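Q: Any chance you can model this:
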Amino acid sequence: MDLRILAAVFCAAVPAPAATISGTVVDARGGEPLANVAVRIEPGSERRTRTDASGKFQVQDLPEGDYSLSIETVGYHTLKRPFHLAADQTQAFEIVLSADSLRRTDHVEVSAGPFETARQDSPSTLTLAGNDVKNLGSVLADDPLRAVQGLPGVTSDNDFDARFSIRGADFSRVGLYLDDILLHEPFHMIQGQTVTGSGAAFNGDMVQDMELHEGAFPQRFGDRSAGILDVHTREGSRDAFSFRVEASLSNAGLIVEGPLGRRKRGSWLVGTRKSYLQYLVSQLSSTENALVFGIEDLQARFTYDITPRNNVSFYLLESYSTVNRNNTPNLGINSLGTAGYNYTLANLGWRFTPTDKLAVVSHAAWMREKFDNLNPTKLLLGNGFYGEWVVNSNASWSWTDAGALDFGISSRRLRDEGLTAQYQTVVTAPRLLDRFNGTGVLTGAYVSQSWTGWSGRIHLTGSIREDHQSLEAISTTAPQVSAAFVFGATRIQLGWGQYAQFPELSYLTSPLGGHGLLPLRSNHEIAAIEQRLTARTRLRLELYNRADRDILYQPLYDPRLVKGLVFVPPLNPPYTNSLRGYGRGAEIFLQRSSANRFTGWISYAYGHAEMSGFPSDYDQKHSVNVYGSYRLRPSLNVSLRSTYGSGFPIPGYLTQNAAGVYFLGPSKNQLRIPYYQRTDLRINKAWTRGKSKFTLYGEVVNLTNRTNYVFDSVNGYNTKTGQTSVSLDTMFPILPSVGVLIER
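A: Numbering: from 1, shown residues only. Okay, the predicted model is just below:
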C-alpha cells in the first residue's frame, strides 16, 4: 500500500487538538456573579451550557475555528461576542450583563454593597433599580412611580393614581427630583379636578435608579417637608445602535439609542409612549361619568464628553394628557367635558471634575405646565399656567481622606396663574371660585460635611440650609445631622433634621390665601437598627417621629355638627396656617437584594398621623408590602407583589348609623374606607432569535379579585337632619394583561 495513503488514514484516525473556553458572567450593577445564565456557542446549537452558582461556565472539546459566544437570560440584554480559537487553545472571558431597563455597558459599576447608596448622608433610604422597577411598575401601567408604591413604608389605595403617601403625609410634601431638579407636577393627569388619576410623565425605561428618602433627609434637597424621591435618568448606549419596541393592552412605546460621534465620546437616547388605558378604565370604573384620560409623551437625553473632565448632558420631556367626555350622557353644566394638560421639562447639565478630589455639577432647567378644562358646552371651567426657571450648582470636595465637603446654591424663578369658574346657566356669566396670578424667586444654599472614622465603622454627616422667598420676604434656616455606627454585621443609624416648605404661589396670590401665609415646618427624628444576615440579606427596624406645624388648611371648608346644629360652611373658606400635627410609628422589613434567584422584601409598618386632634387624611395604622422575584430558568422569571392597608379615613365630619346611613358629625375623619388588599402576579418569558430578543410579559392584577374602594366625594347633605351620602369608587377587579418587548 502506498505510504501516502497509510499516512492519510492515520491522520484521519487521530482527532485534531481540541480547545476550551471558560468565563465568568457578572451583573453590571455591583459585579455580582450571575447564576443560571444560558451560554451558547455559535455555530453549533448543541454546544450549550449554563453558569453555575458562582457565575462560571466552561465549554470543552471545541475544534479550531471562528465562533460567536452568546450570553442570554431573561431581564438582561443579550450579549454576543465573536472570537477565534486555535487548535489546543484555552480562552477565558469576563462577561458583564446589563439589565434590560438599563443601558448596555461592558464595565462594572463599583458599589459599596447592595444596600449602600452613593452618598451615605441619609439615615432612611430605599433604592429601586433595574428589573425591580420594571416588575413593580406593572405591565398594565408600566409606571416607575407605581413601582415606588411597593416599597416598605409607602402607602397607596388608588389603582388609578401614581402618587403615594409617606408616613401619613400626602404627595404634595414629597419632593420629586429628576437629575437634580425639583419637579412641580410631572404627571399625566387632569389638573383643577379634586378627583383624578395620575401617571408619571417620565418613562421608566429611561430611569437608571430611584432613591426614596423617607425622613431626616440631607439638606441638599430643599422646599419639601416629608420625604424625597431622587430619580436619575440613564445614558444611551455608547457601544452600538439599538432599539426596543414595547406594547401591551394599555400602552405602546419605542426606545432608540446609540453612540455620538465616531469616537463614541457620547450617546443619545430617545423614547416615546402612548397609552390606551383610558379605554380600559372607562370599562372598569363603577361610575358612568368616570374621568379617564389618554397620555402620550416624548423624551430624549444626549450626553457628550467634551474632555475627560468635562461632560455635558441635555434632557427633554414633552408630555400630554387629554380627556374627552362629550359623548358621556347626563353631564351637568359644571361637569368636565374636555380637558388637556401639557408638561414640558428641559434640563441642561454640566459636570466638571478639575481634580480627582473636586466635582462640580451644574444645571440650567426650564419647566412649564398648562391646562384647560371645558364643560360639555365648551365653556371654561378652569385653566392654569405654571412656569419655572432653575439654575443650580452642587460641588463635592474630598479635602481629606476621612470626609467630604458638599455645598451648593440654587435659584428658582416661579410664575403661577389660573382660575376656577362655576356656572348657574349657560347664559349667565360665570362666578369665579378662585383666581391667582403671581411671580416669585426662591433662592437657597446649603453646606454639608461628612466624616468617616474608626476604619469605616462610624459615619457622621451634618448639613444646614438657608432659603429665601422674595414674594413674602421670608427666610428659613434648617439644620440636619445623621450618624451611622457599624458593629460587625449590625448597623445603627440615627437622624434628626428640620425642614421648611414654602406655600405655592397659587395660595399666596389667591383671595382664599393671600400674603402672610407661613412656610410649613417639620422636625424629623429617626432611629434604626439593621442586622446583615448575609452579604445580600438584611433585617431592619426603624422608628420615626415627625412633628409638623403651620400646615395650610381651610378650617371652615367642611360641613359638620356644632352643638347639635348643622354648620353650613361659607362659599369660599380661606386658607390659614392652622394645623399642627405629627406622624410617628415603626417599620420592619426583611430584604434580599440579589441578581440571582430570589430578590425582594416583606415589610410591615405601624403608623399614626394626627392633625390638630383628628387623624390625618392619610393616616393608616397597618401596612404590609411584599415583593418577590425569582429567575426559574435562563428564559423565565416570576415575580409577585402584594399590598395590604388597613384603610385611610373618609375625609370629613361624618358618622354612620347601624343601617349604614351617613350623617354629619362633630369630629373629623372618624370613619374609614374598608381595608385595601391587592396581589399581582407577573411572568416574563424571553426568546432569542439571531440578533433579536423577544420578551413576553404576562400579568394578573388583583389575583384574588378583592373589591377595593377609594374615596370619591361627600355629596349633598340635609341642613336639618344632617343626613348625607358618600361615594366610593371601586378599583381594578381581577385583570389579566399581556405585553411584548422586541429588542435588537
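Q: In stretch 433-453, which residues are buried?
A: 434-436, 438, 440, 442-446, 448-450, 452 (16 or more other CB atoms under 10 Å). In short, each C-beta sits where N, CA and C put it, glycine included.
Q: low-confidence ranges in the stretch 601-744 of the chain?
A: With pLDDT under 70 as the threshold, the stretch 601-744 of the chain has no low-confidence stretch at all.
Q: can we see that at 90?
A: Within the stretch 601-744 of the chain, the stretches with pLDDT under 90 are 688-692, 712-716, 727-729, 732, 737, 744.
Q: repeat for the stretch 451-600 of the chain
A: 455-456, 472, 514-516, 571-572, 595-597.
Q: in it, which spans are strands?
A: 458-469, 474-487, 490-501, 520-534, 537-553, 560-562, 565-567, 576-592, 598-611 (DSSP state E, counting those that start in this stretch).
Q: who does the fourth one pair up with?
A: Right, the one you point to is strand 520-534. strand 490-501 (antiparallel), strand 537-553 (antiparallel) (DSSP bridges).
Q: Please look at P559 and L664 and confirm they touch.
A: Yes: at 5.7 Å, P559 and L664 qualify as touching, with contact defined as CB atoms under 8 Å.
Q: Between those two, which has more neighbouring residues?
A: Between P559 and L664, counted using other CB atoms under 10 Å, the more crowded position is L664 (23 against 20).
Q: so the more buried one sits right up against L671, yeah?
A: No: using CB under 8 Å, L664 is not in contact with L671, being 11.6 Å away.
Q: Grab the nearest non-local neighbour of F589.
A: Closest residue to F589 apart from its sequence neighbours, by CB to CB, 6 or more residues apart in numbering: S603 at 3.4 Å.
Q: how far away is that neighbour from S124?
A: From S603 across to S124, the span is 13 Å (CB to CB, to the nearest Å).
Q: Nearest residue to the middle of this structure?
A: For the chain, the residue sitting closest to the mean C-alpha position, by CA atoms, centre = their mean, is L145 at 3.5 Å.
Q: Tell me the secondary structure at that residue.
A: Taking DSSP: H, G, I helix; E, B strand; the rest coil as the rule, one finds L145 in the helix state.
Q: In stretch 723-734, which residues are buried?
A: Per 16+ other CB under 10 Å, stretch 723-734 contains these buried residues: 724, 726, 729, 731-732.
Q: same deal with stretch 527-534?
A: 527-528, 530, 532.
Q: Report the distance from it to the chain centre.
A: 25 Å (CA atoms, centre = their mean, to the nearest Å).
Q: is it true that Y276 touches S250?
A: Yes: look at Y276 against S250 with CB under 8 Å: they come within range, at 5.6 Å.
Q: Neighbour count: the two, which is higher?
A: Each of Y276 and S250 has its neighbours counted (other CB under 10 Å); S250 has more, 20 against 15.
Q: what about Q620, distance to T155?
A: 5 Å.
Q: Show me which of these two is the more surrounded one.
A: Neighbour count, other CB under 10 Å: between Q620 and T155, Q620 has more, with 28 against 22.
Q: three-state assignment of the more buried one?
A: Q620 ends up coil, using three-state DSSP.
Q: and if you look at L140?
A: Going by three-state DSSP, the state assigned to L140 is coil.
Q: Let me see the contact set for the residue nearest to it when sequence neighbours are not counted.
A: Spatial nearest neighbour of L140, excluding adjacent residues (CB to CB, 6+ apart): S737 at 4.8 Å. Contact analysis of S737 by CB atoms under 8 Å, 6 or more residues apart in numbering lists 138-140, 248-250, 698-701.
Q: Give me the subset of these lying in helices.
A: Judged by DSSP state H, helices contain none of the contacts of S737.
Q: Can you say which of those are buried?
A: Counted by 16+ other CB under 10 Å, those give 138-140, 248-250, 699-701 as buried.
Q: Next, give me the two most distant ones among these.
A: S250 and V700 (14.2 Å; CB to CB).
Q: For the buried residues of stretch 723-734, give me a markdown table that also has secondary structure and distance to L512.
A: Shown next, in a markdown table, are those (DSSP: H, G, I helix; E, B strand; the rest coil; distance: CB to CB, whole Å):
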| residue | secondary structure | distance to L512 |
| --- | --- | --- |
| T724 | strand | 24 |
| V726 | strand | 25 |
| D729 | strand | 27 |
| M731 | coil | 32 |
| F732 | coil | 36 |
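Q: Closest one of those residues to E318?
A: Each of the buried residues of stretch 723-734 was checked against E318 using CB to CB; the closest is F732, at 29.1 Å.
Q: Isn't that closest one up against V701?
A: Yes: under the criterion of CB under 8 Å, F732 makes contact with V701 at 5.4 Å.
Q: Report the separation between R244 and H232.
A: Distance from R244 to H232, counting by CB to CB: 20 Å.
Q: Just the closest of the buried ones among the contacts of S737 to E257, please.
A: The closest of those, once distances to E257 are taken by CB to CB, is S248, at 21.1 Å.
Q: Quickly note the distance from that closest one to Y604.
A: Taking CB to CB as the measure, S248 and Y604 are separated by 32 Å.
Q: domains for the chain, by residue range?
A: 3-97, 125-743 (automatic domain parsing).
Q: and among the ones you listed, the most buried is which?
A: Ranked by mean neighbour count, these are led by domain 125-743 with a mean of 18 (mean count of other CB atoms under 10 Å).
Q: Span of it from start to end?
A: 33 Å (CA to CA, to the nearest Å).
Q: ok, the closest residue to D617 other than its chain neighbours - contacts?
A: Distances taken as CB to CB, 6+ apart place P651 nearest to D617, at 5.2 Å, with adjacent residues excluded. Shown in contact with P651 (CB under 8 Å, 6+ apart): 558, 617, 668-669, 711, 714.
Q: Show me where the stretch 251-400 of the chain has its strands.
A: 251-260, 266-275, 294-307, 310-324, 338-355, 358-374, 380-400.
Q: Can you redo the ones you listed as CSV, where the extra columns are distance to T20?
A: Shown next, in CSV, are these (distance: least, CB to CB, whole Å):
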stretch, distance to T20
strand 251-260, 34
strand 266-275, 36
strand 294-307, 39
strand 310-324, 42
strand 338-355, 43
strand 358-374, 45
strand 380-400, 45
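Q: Nearest to F217, out of those?
A: Here strand 380-400 is closest among the strands of the stretch 251-400 of the chain (CB to CB), at 14.9 Å.
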